[in-house]
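1. coordinates only, sequence not included:
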């Protein structure tokens, strides 16, 4: 096992990894930018080293800075978390170069899976179903149009280097194919510096279902069943659950075997995720492999009882995977809701400010993976995800009720969060029935906004009672006679239904 | 005790009196008689008849937050008089008495106006405030146009007195 691990991340995932290290009696080193000095991850670790400038490129994305710190503190492992440098092969290589173990797969695998066209080819050769499409090198418009017609409509034009929906176009007919190819190329060139695109069949009633993989460095590979991640807002997952409401034992077995085959095909080691699209007829297709711990890993931990973060550390330190596929069971149902500092009433724009109060719900089988505390300042430098609330119950129906309970008691004051939106989604009748696709949010919540009904009477009464209990003299003098022209002066004090006072 | 809360540009006028163990709250022509207890700092349990309200209140820098029924509401105590502006308004002062939005500009440069004529309309907190000419004169300059944001104390219009 490692002696000392540097956690090259921030927020809830850094906290999660530090806790896993602590359980395994591994010393921890946190890094923090200037704005994260008081963040929980920086305070929990045994050592905390400042990165200075909060700009991501100068802090959590700065490879030389992080490697230098790791060497200085004598860390023998670096855990990248997710996001930031987690899927950067140069970072993994830089760790190897200075003999610090990168806790994840090899740089070679990371870079292979990062190239979506190469990844698909590899999977196709390994017998893993891939979405019919064109991933070829002929990128001239004429060839692309010809290949597009071959695949048929509707089809999807995607940026090879893409992500987050950039460079993505749905083409419904031949008429708009040429212009979509052109604009997708333009967009991906400006977003990723690469205008390579590919064409894919567009799926009917698509779901995003992924399989968790664990592989050791001796070729032992298992899967830990599926996660249903179809509830996405602008290609960003917001609610995940396990098991998937459409999964059957035979489909699970088939997809699980494909996922293991996919991991073995690239010589995968450590924790990873194979993402599939599943269409309305339950055909499944390989989409991509994420070479890291996922945000939504807790739902797998809840339903299998396996601690993925600890296994990452064990595997990276050279231990053998002692878990056998046939010993694993899925039990009960888990849901995760991602809590973002976003204002649903204002186009989901990030909300920044000081957290005046944070009080997560506590209860049986309620897990809060959080990177925030009261008093912390939320800035616009990083991803606005604050925490993840995870609930576990015997079955899906009960678990939806438990999640509603938990969301209704999650107090975050100071910045606006998406909690009320998450609750509305969970309460939706089609969600309850399990009728979900990756289009769920655009289908049912496209124009959704918070009803601006004003203050409910319960809030007014609470405030008045509070202010009455905490009366200060300055509250008593509301009408300072400073301004003789003030319209308020002429209103004067008044009493509802009474005389002017 | 008379209190105003501002929430989403709307002002709520509330009165509350404490008599014995009850609080009497008046809002929007209704009176509510409640019993209340602060369980922990900021955590309230309020009884209205058979109903129980549980809420949590936190004070920020300038605003207050109330958490009730799973929702968070942010309110600001209403500043009814300008604290930014110290000096008393003189007759003929054309500075804005309130921070808000200019909803109507009734005059343009070189217009001749009479004392008391409306020059500009400013809206704040769902209420309109009229800027009137303090004397007869000619408009020298109009400093704002429609939909502009105006801060308390900013000069709206400049007028050349007739006798000048």
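-> Everything's here; your move. Bear in mind the structure is a predicted one, so any value in this text is a computation, not a measurement.

2. and residue A:438, helix, strand or coil?
-> coil (DSSP: H, G, I helix; E, B strand; the rest coil).

3. shouldn't residue A:102 be in contact with residue A:92?
-> Yes - applying CB atoms under 8 Å as the test, residue A:102 and residue A:92 come out as touching, 4.3 Å apart. The way it works is simple: take the backbone N, C-alpha and C, and place the C-beta from them, glycine included.

4. Can you pull the residues that touch both of these two?
-> Common contacts of residue A:102 and residue A:92 (CB atoms under 8 Å, 6 or more residues apart in numbering or on different chains): residue A:80.

5. Residue in the stretch 101-250 of chain A with the shortest distance to chain B?
-> Of all residues in the stretch 101-250 of chain A, residue A:239 sits closest to chain B, at 16.6 Å by CB to the nearest CB.

6. which residue sits closest to that residue, ignoring its sequence neighbours?
-> In space, and not counting its chain neighbours, residue A:239 is closest to residue A:231: 4.0 Å by CB to CB, 6 or more residues apart in numbering or on different chains.

7. looking at it, that neighbour is touching residue A:240, isn't it?
-> Yes - judged on CB under 8 Å, residue A:231 makes contact with residue A:240 at a distance of 7.3 Å.

8. Can you give the strand pairings for the strand or helix carrying the residue nearest to residue A:239, parallel or anti for each?
-> Using DSSP states H and E, residue A:231 falls within strand A:221-233. Strand A:221-233 has the following sheet partners, assigned by DSSP bridges: strand A:207-215 (antiparallel), strand A:236-242 (antiparallel).

9. Now render the ones you listed as CSV, adding mean pLDDT and mean neighbour count.
-> Converted to CSV, the strands paired with strand A:221-233 look like this (pLDDT from 0 to 100; neighbours: other CB atoms under 10 Å in any protein chain shown):
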stretch, mean pLDDT, mean neighbour count
strand A:207-215, 98, 25
strand A:236-242, 97, 23
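
10. Tell me which stretches of the stretch 1-150 of chain A form helices.
-> Ranges of helices in the stretch 1-150 of chain A, per DSSP state H, counting those that start in this stretch, are A:11-23, A:40-44, A:63-72, A:89-97, A:107-114, A:116-125, A:141-151.

11. What separation do you get for residue B:94 and chain A?
-> Distance, residue B:94 to chain A, by CB to the nearest CB, to the nearest Å: 11 Å.

12. Now for the residue of the stretch 251-400 of chain A found nearest chain B: which residues touch it?
-> Residue nearest to chain B within the stretch 251-400 of chain A: residue A:357 (4.3 Å; CB to the nearest CB). Counting by CB under 8 Å, 6+ apart, residue A:357 touches A:374, A:411-414, B:42, B:56, B:58, B:65, B:67.

13. Around residue A:451, how many other residues sit close by?
-> Look at residue A:451: counted by other CB atoms under 10 Å in any protein chain shown, it has 8 neighbours.

14. Need the phi and psi values for it.
-> Per-residue torsions, residue A:451: phi -60, psi 120 (degrees, to the nearest 10).

15. which outside residues touch the lowest-mean-pLDDT helix or strand in chain B?
-> Among the helices and strands of chain B, strand B:127-132 carries the lowest confidence by mean pLDDT, DSSP states H and E, at a mean of 77. Strand B:127-132 has contacts (CB under 8 Å, 6+ apart) with A:487, B:94, B:96-98, B:100, B:103, B:115-123, B:156-157.
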